[in-house]
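**Student:** I need the structure of the sequence given here:
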Amino acid sequence: MLAPAPPFHLNGLVIQPGEQVLTRLVISKLPSGTVIDVPVHVLRATEPGPTLLLMAGMHGDEVNGIETIRRLVRRELLMPLRGSVIAVPILNIYGFLNFSRDVPDGKDVNRSFPGFPRGSLAGRVAHRFMREIMPLIDYGIDFHTGGAARANFPQVRCQLGVDPLVDALAAAFAAPFTVHSALRPGSLREAAQGLGKRIIVYETGESLRLDEPGIEEALAGTLRVMHHLGMGPAAPVPSRPGIVCRRHTWLRARFAGLFRALVENGQFIKKGQIYGSVADPYGQQAVRLESPVSGYVIGLNHMPVVNQGDALLHIAVPE
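**Tutor:** Got it, this is the predicted structure:
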């Protein structure tokens, strides 16, 4: 007979198996005195099992993950059959309120882990998360979105070939693309790995724009991960086989001007194919852009005005 699951101690609460709780982590106050807190959903089955973290809004302008978790909560899809789910729809409330990636001091929360209680605002947010939530979890999905005017095709990012449990988690999510991504210093994934926690990142769309197909992929992928971990019932079958890519590269503008793309996100392009052009705004010169590699477009810059060195196209090279 399995031992009963222990209670969770979170934000001063004792949360028992079988309970469903919404609590709020107080982070700080705005200069106006308004309290900034982070809502956290905790859903626990009576049967013991793993704890899965679902987190979005690390960057406040990345709304697709926020909408994904909102729908999962609203549709009551997160109560597990065994184990627990911790869902954080918006970690960076500051950025969300200001339509910004970062916190007001300009720092990136996802480069501030494990944080410091008396450090920068980003460091304090990271520290509170590490103190309250990280000790409780076993696995996690961190939802992200492309930057301003740069749209990502639905993809999972993780460090492939290092931890079989991470590889299995990515395979269970079954996004259209799974892309190898090394750990970045100060990131949530790096901090989690140091503690033996497994977290994958899901990316789709661009900031401040809802990407409906990408959100639907996120919903289905999350349910597949829950099923894989024994936490949920049978989940939607992927509509197509996923593509694993260990190599990827950004193609950058060699000239400044007006960028016009001739390809679409998710499209396969061949080496030597013309994928767009950059023209001066006065009608005197236009340069056609040729891809130096064959691969899939997994990121596309929709900004028509580009500077030299700007990222235009993200190409993933399949195995």
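
**Student:** where does A316 land in three-state SS?
**Tutor:** Three-state call for A316 (DSSP: H, G, I helix; E, B strand; the rest coil): strand.

**Student:** Next, the contact list for it, please.
**Tutor:** Going by CB atoms under 8 Å, 6 or more residues apart in numbering, A316 touches 155, 177, 179, 243, 245, 247-248, 295-296, 298. Every C-beta, even on glycine, is put in place using the N, C-alpha and C of the backbone.

**Student:** hmm, try it at 6 Å
**Tutor:** Contacts for A316 (CB atoms under 6 Å, 6 or more residues apart in numbering) come out as 177, 179, 245, 248, 295-296, 298.

**Student:** Which residues does the longest helix along the chain contact?
**Tutor:** For the chain, the helix reaching the highest residue count under DSSP state H is reported as helix 212-228. With contacts defined as CB under 6 Å, 6+ apart, helix 212-228 is touched by 64, 67-68, 154, 172-175, 202, 204-205, 232, 235-236.

**Student:** In strands, which of these appear?
**Tutor:** Using DSSP state E, 154, 202, 204-205 are the members of those that sit in strands.

**Student:** Buried ones only from those, please, as a PyMOL command.
**Tutor:** Provided next is the PyMOL selection string for whichever of the ones in strands among the contacts of helix 212-228 are buried by 16 or more other CB atoms under 10 Å:
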select buried, resi 154+202+204+205
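
**Student:** Report the two of the ones in strands among the contacts of helix 212-228 separated the most.
**Tutor:** Y202 and G205 (10.8 Å; CB to CB).

**Student:** got the buried residues for the longest helix of the chain?
**Tutor:** Neighbour counts over helix 212-228 (16+ other CB under 10 Å) mark 214-228 as buried.

**Student:** excluding its backbone neighbours, what's nearest R70?
**Tutor:** Among residues not flanking R70 along the chain, P89 sits closest, at 5.9 Å (CB to CB, 6 or more residues apart in numbering).

**Student:** one step back: would JSON lines of the ones in strands among the contacts of helix 212-228 with distance to G119 be doable?
**Tutor:** Listed next are those as JSON lines, based on distance: CB to CB, whole Å:
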{"residue": "P154", "distance to G119": "34"}
{"residue": "Y202", "distance to G119": "28"}
{"residue": "T204", "distance to G119": "31"}
{"residue": "G205", "distance to G119": "31"}
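
**Student:** which one of the ones in strands among the contacts of helix 212-228 sits closest to D37?
**Tutor:** Using CB to CB, the ones in strands among the contacts of helix 212-228 come closest to D37 at Y202, 25.1 Å.

**Student:** who touches the closest one in this structure?
**Tutor:** Contact analysis of Y202 by CB under 6 Å, 6+ apart lists 141, 143, 156, 218.

**Student:** Buried subset of those as a PyMOL selection?
**Tutor:** Typed into PyMOL, the line below selects the buried ones among the contacts of Y202, using 16+ other CB under 10 Å:
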select buried, resi 141+143+156+218
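
**Student:** what about L13, neighbour count?
**Tutor:** When counting by other CB atoms under 10 Å, one arrives at 13 neighbours for L13.

**Student:** Need the pLDDT of it.
**Tutor:** Predicted confidence (pLDDT) for L13: 97.

**Student:** Which residue, neighbours along the chain excluded, lies closest to it?
**Tutor:** T23 (5.8 Å).

**Student:** Mean confidence (pLDDT) on whichever strand or helix holds that neighbour, please.
**Tutor:** T23 belongs to strand 20-29 when assigned by DSSP states H and E. For strand 20-29, the mean per-residue pLDDT is 93.
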